[in-house]
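Enquirer: Need a 3D model of the sequence below.
(4 chains)
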There are 2 protein chains.
Amino acid sequence: MSKASERTTLADIAQAADVPVGNIYYYFKTKDELVGAVVAAYTSDLRARLASFDRHRTPKARLKDSCVTWQMSGSLPPQYGCPMGTLCSELDKRDDDLEHAAAELLTLSVDWAEQQFRLMGRSDARDLAVALVAANQGISLLTNTLRDPELMSRESHRLDRWIDSLA
Amino acid sequence: MSKASERTTLADIAQAADVPVGNIYYYFKTKDELVGAVVAAYTSDLRARLASFDRHRTPKARLKDSCVTWQMSGSLPPQYGCPMGTLCSELDKRDDDLEHAAAELLTLSVDWAEQQFRLMGRSDARDLAVALVAANQGISLLTNTLRDPELMSRESHRLDRWIDSLA
DNA sequence: GTCTATATTTAGATAGAC
DNA sequence: GTCTATCTAAATATAGAC
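Expert: Next up, the predicted model:
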């Protein structure tokens, strides 16, 4: 099999970190432990980002800022694929502690958005939150798969106008 | 590594098909050839589905039907993950013929939807098409990751109303 | 703490009996 | 056409020198 499955190996990580492979095991007992550390870092980063939106006075401004922020984090080097989507499909198949890490990550975003729509007085806050997160995840998938950053920016603007249009 | 990376192995496929592993090589020379066959089948299935929407008289009816159809194909057994999303993140990383298969699959859907919006007289047909496909992909990811089929049906209804609201 | 060498495990692929 | 046994390659993991 030529270069088929292409999941990230310890050799890849070691090369990126410019250390020998065996060295990794001084810091992490297993590869799973390393993956867990990555997920934990990603989670704490997301929490920090969500918290940072508190600086805006209105929930509408917070939501609009979140679109822009996701847009930036989405336009990473495309060869790494849609970060959240990849994480979800990788973690989703497991049967250990990390099995639900992807779900927790998504729930974090949905709950936050729901809270903002609720503060805007929308009784359909949950549906709107789900739709917003789904739109962001979906456009991230399209942008990365089609290798076209403009898709993300155009959809971001559309979502921005959509949020503006809400009561 | 316990059950960490969890990509689909030939052993998994053989077990699902209830045949011994070696038997697979009678039908496919390599695993890549098997993956290619799966992608080809998926593509032809998508083409057939898009073609079947022609039975509706108006583009609006076609688009609305496509949401319902995607909703059904999305509520598969959740342990397999979001089908299209998984396919994209798996194929995306390759460097062979299949590298762009995921992109072609998505483009097929976007082009079709663009055509329908265009027939509706929308000058922003491309943006709407991208948004629709992204919404479907995103809600598929959420539905599968959060293991909640209701997310998909509620978002489908929302998209249905959204299409109805367009001029 | 960092490195090399090597052991272990797993997945892809082949050979050959039936 | 189907099966078992086995080979090879690659990735995870460990041992032990420095």
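
Enquirer: hmm, the lowest-mean-pLDDT helix or strand in chain A touching DNA strand D?
Expert: Least confident helix or strand, chain A: helix A:83-91 with a mean of 78, by mean pLDDT, DSSP states H and E. No. Counting by CB under 7 Å from any atom of the strand, no contacts exist between helix A:83-91 and DNA strand D, the nearest distance being 12.1 Å. In this view, the C-beta of every residue, glycine as well, is placed from N, C-alpha and C.

Enquirer: List the buried residues of that helix.
Expert: Within helix A:83-91, the residues scored as buried using 16 or more other CB atoms under 10 Å in any protein chain shown are A:84, A:85, A:86, A:87, A:88, A:89, A:90, A:91.

Enquirer: show me what contacts the residue nearest to the first one when sequence neighbours are not counted?
Expert: Meaning residue A:84. Closest residue to residue A:84 apart from its sequence neighbours, by CB to CB, 6 or more residues apart in numbering or on different chains: residue A:137 at 6.0 Å. Taking CB atoms under 8 Å, 6 or more residues apart in numbering or on different chains as the contact definition, residue A:137 lies against A:82, A:84, A:85, A:106, B:137, B:138, B:141, B:142.

Enquirer: Which element, helix or strand, includes residue A:137?
Expert: Here residue A:137 sits within helix A:125-145, counting by DSSP states H and E.

Enquirer: picking up where we left off before, redo the buried residues of helix A:83-91 as JSON lines? Include distance to residue A:59.
Expert: Putting the buried residues of helix A:83-91 into JSON lines (distance: CB to CB, whole Å) gives the following:
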{"residue": "A:84", "distance to residue A:59": "23"}
{"residue": "A:85", "distance to residue A:59": "27"}
{"residue": "A:86", "distance to residue A:59": "30"}
{"residue": "A:87", "distance to residue A:59": "27"}
{"residue": "A:88", "distance to residue A:59": "26"}
{"residue": "A:89", "distance to residue A:59": "31"}
{"residue": "A:90", "distance to residue A:59": "33"}
{"residue": "A:91", "distance to residue A:59": "30"}
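
Enquirer: which bits of chain A sit near DNA strand D?
Expert: The interface of chain A toward DNA strand D, taken as CB under 7 Å from any atom of the strand, is made up of A:9, A:10, A:11, A:21, A:22, A:25, A:29, A:30, A:31, A:32.

Enquirer: how close does the third one sit to residue A:32?
Expert: Plainly put, residue A:11 is 17 Å away from residue A:32 if you go by CB to CB, to the nearest Å.

Enquirer: And these two? Which one has more around it.
Expert: Neighbours were counted for residue A:11 and for residue A:32 using other CB atoms under 10 Å in any protein chain shown; residue A:32 has more, 18 against 11.

Enquirer: Helix, strand, or coil at the more buried one?
Expert: Local secondary structure at residue A:32 is given as helix here, using DSSP: H, G, I helix; E, B strand; the rest coil.

Enquirer: Next one: residue A:98 from DNA strand C, what distance?
Expert: Taking CB to the nearest atom of the strand, to the nearest Å as the criterion, residue A:98 is separated from DNA strand C by 17 Å.

Enquirer: where are the low-confidence patches of chain A?
Expert: Counting by pLDDT under 70, chain A shows low-confidence ranges at A:1-6, A:72-81.

Enquirer: So which residues of it form helices?
Expert: Secondary structure of chain A (DSSP state H): helices located at A:10-17, A:24-27, A:31-52, A:59-74, A:83-91, A:101-119, A:125-145, A:149-165.

Enquirer: closest one to DNA strand C among these?
Expert: When those are ranked by distance to DNA strand C, counting by CB to the nearest atom of the strand, first place goes to helix A:24-27 at 4.0 Å.

Enquirer: on contacts alone, who are the packing partners of that closest one?
Expert: In this structure, helix A:24-27 packs against helix A:10-17, with contacts taken as 3 or more CB pairs under 8 Å, 6 or more residues apart in numbering or on different chains; DSSP states H and E.

Enquirer: at 10 Å what do you get?
Expert: Contact partners of helix A:24-27 among helices and strands, from 3 or more CB pairs under 10 Å, 6 or more residues apart in numbering or on different chains; DSSP states H and E: helix A:10-17, helix A:31-52.

Enquirer: Kindly tell me how buried residue A:22 is, as a neighbour count.
Expert: By other CB under 10 Å, 9 other residues sit near residue A:22.

Enquirer: mind checking how far it is from DNA strand C?
Expert: Using CB to the nearest atom of the strand, one gets 3 Å for the distance from residue A:22 to DNA strand C.

Enquirer: isn't residue A:166 right up against residue A:127?
Expert: No. Taking contact to mean CB atoms under 10 Å, the distance of 12.0 Å between residue A:166 and residue A:127 leaves them out of contact.

Enquirer: Settle it for me: which of the two has more neighbours?
Expert: A count of neighbours by other CB under 10 Å puts residue A:127 above the other of residue A:166 and residue A:127, at 17 against 13.

Enquirer: Who are the contact partners of that one?
Expert: Contacts were defined as CB atoms under 10 Å, 6 or more residues apart in numbering or on different chains; by that measure residue A:127 touches A:114, A:117, B:151, B:154, B:155, B:157, B:158.

Enquirer: now it: how far from DNA strand D?
Expert: Distance from residue A:127 to DNA strand D, by CB to the nearest atom of the strand: 40 Å.
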